[in-house]
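A.B. asks: Sequence plus the predicted model coming up.
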Amino acid sequence: MDDALALSALVLGLSGHLVQDMHARVSAQGFADLRPAHGFAFARISLGDATTASLGEHLGVTKQAAAQLVKELVDKGYVVRLPHPHDARARLLGLTEAGR
């Protein structure tokens, strides 16, 4: 059990370093207005058929928190909301050219 806990802590620590390194590289390329959470959102949105609700599930946050993140990304010009072909209440999320 102690070995599994130590391995988990090591993997978590390395993951954190990887995310921070990627964030630094993204910022250095002129996207200083992005946060690491945005990258996880972009990853889900880029798969297609993403809604605010599915993004919230993917990120492990409430629908309200996901909606706030989506609004932020829309306002920054990285994401667009598109009509959902099967649900008039939902909107599909897509990446803009800047988001890609």
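C.D. replies: That came in fine, so what should we check first? Numbers count the residues shown, from 1 in each chain.
A.B. asks: Which residues belonging to the lengthiest helix in the chain are considered buried?
C.D. replies: Counting residues, the longest helix found in the chain (DSSP state H) is helix 2-28. For helix 2-28, the buried set under the neighbour-count rule, 16 or more other Cβ atoms under 10 Å, comprises 23, 26. In short, each C-beta sits where N, CA and C put it, glycine included.
A.B. asks: Report the central residue of the chain.
C.D. replies: The residue lying closest to the centre of the chain (Cα atoms, centre = their mean) is Ala41, at 1.4 Å.
A.B. asks: contacting residues for it?
C.D. replies: 55, 58-59, 69-70, 73, 79 (Cβ atoms under 8 Å, 6 or more residues apart in numbering).
A.B. asks: what about the host helix or strand of it, distance to the chain center?
C.D. replies: Here Ala41 sits within helix 36-45, counting by DSSP states H and E. In this view, helix 36-45 has its centroid 2 Å away from the chain centroid, taken as Cα atoms, centre = their mean, to the nearest Å.
A.B. asks: Cool, thanks, signing off.
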